[in-house]
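> Could you look at this predicted model? Sequence included:
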Amino acid sequence: MNPTLAITTGDPAGIGPEIAVKCLSDLDVLSTCRLVVVGNAGQIRRTGAALHSPLPQSVQVWDGKGALNGAGPFLLDTANVGTEVPPGKPTAESGRAAMAAIRKAVALAWEKRVAALVTGPISKKALHLAGFEATGHTEILARLTDSPQVGMMFVTPSFKVAILSTHLPLREALDGGDVASFQLRLKHVSDDEIRRAVDTLRPAGIASKGKLKKTTRPELSTPERGYRSREVGVLVRRSAGPRREG
């Protein structure tokens, strides 16, 4: 059986409900998972009507308590939260609706009712208007699961990247420790684009008294097209630290 995934509708004033509606009718999505959309059912139906894409008849309303029967898709209603939210304007109500969906989805994952969460876009402004002290999904999920150590990772079929800091300006990141670095890989780019990247990073390097490094990657280059691949970065070293012998 395909894994069961929960997708939150995010902030109902944004594009999250549209994404959810399209997922509920997307055969490519539905053929790879049992989908549970978590959000205000009325808002989702109104969004579907506005998009001229009514919800398919196969959608089952689920209360989040009983067993999931069949392939779905399923709709878990957050009930009275986010019933009347105008599009395009973050409000306290849309912030409460977004948080309600996240909490329900996390509870499902915590109880192992779903295998993973897919989170719709949220508005930090709306969350603050609703009285929540939150900066993003990473921090919200960490708090709801009581996880002292968390990380954000971007995964593609060819590589995985875990970032060191979140919501931190480049200038502060370069001031963050004895050794800090920022690297930008430019693949199949012209010399002009490489120069623009260097010019963009140079102020941060100068301000941090760092060293601007450029490294050519010949194995990634395509000379016949006049393109090259470069790694451009800023390295800041404040303390040499203990020397390792051997």
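Good, I have the coordinates.

> drop to CA atoms for contacts and neighbour counts, all remaining ones
Noted.

> what comes up buried for the helix or strand hosting Leu75?
Using DSSP states H and E, Leu75 sits in strand 74-77. For strand 74-77, burial by neighbour count (16 or more other C-alpha atoms under 10 Å) applies to Phe74, Leu75, Leu76, Asp77.

> need the contact list for the second one.
Remark: with contacts taken as C-alpha atoms under 8 Å, 6 or more residues apart in numbering, Leu75 is in contact with Val36, Val37, Val38, Gly39, Ala41, Val59, Gln60, Val61, Trp62.

> For the nearest residue in space to Ala41 that is not next to it in sequence, name its beta-bridge partners.
Closest residue in space to Ala41, ignoring its immediate chain neighbours: Asp77 at 5.1 Å, by C-alpha to C-alpha, 6 or more residues apart in numbering. For Asp77, the beta-bridge partners under DSSP bridges are Gly39.

> Just to check, Asp77 is in contact with Val61?
Yes - Asp77 is within contact range of Val61, at 7.4 Å (criterion: C-alpha atoms under 8 Å).

> and the contacts of Leu75, which of them are in helices?
Among the contacts of Leu75, the members falling in helices (DSSP state H) are Ala41.

> Show me which of the contacts of Leu75 is closest to Pro148.
Distance to Pro148, by C-alpha to C-alpha, is smallest for Val38 among the contacts of Leu75, at 26.0 Å.

> any idea of the pLDDT on Phe154?
Note on Phe154: pLDDT of 85.

> mind checking the longest helix of this structure?
Secondary structure of the chain per DSSP H: the longest helix is helix 92-110.

> Show the subsequent helix or strand relative to that helix.
Downstream of helix 92-110 (by DSSP H and E), the next one is strand 116-118.

> thinking again about what came up before, how close does the residue nearest to Ala41 get to Gly14?
The gap separating Asp77 from Gly14 is 18 Å, by C-alpha to C-alpha, to the nearest Å.

> now do Arg113
Where Gly14 is concerned, Arg113 sits at a distance of 27 Å (C-alpha to C-alpha).

> And Thr145, by the same measure?
According to C-alpha to C-alpha, Thr145 and Gly14 sit 26 Å apart.

> more crowded one of those two?
A direct count of neighbours by other C-alpha atoms under 10 Å for Thr145 and Gly14 places Gly14 higher, at 21 against 12.

> Need the three-state assignment for that one.
Taken by DSSP: H, G, I helix; E, B strand; the rest coil, the conformation at Gly14 corresponds to coil.

> ok, it touching Ala126?
No - the pair Gly14 / Ala126 is not scored as a contact, 10.6 Å apart, by C-alpha under 8 Å.

> who touches both of the two?
Joint contacts of Gly14 and Ala126 (C-alpha under 8 Å, 6+ apart) are Pro90.

> Look at Ala6 and tell me its secondary structure.
Ala6 - assigned by three-state DSSP - is strand.

> worst-scoring helix or strand of the protein, pLDDT-wise?
Using mean pLDDT, DSSP states H and E, strand 228-237 stands out as the lowest-scoring helix or strand of the chain, at a mean of 54.
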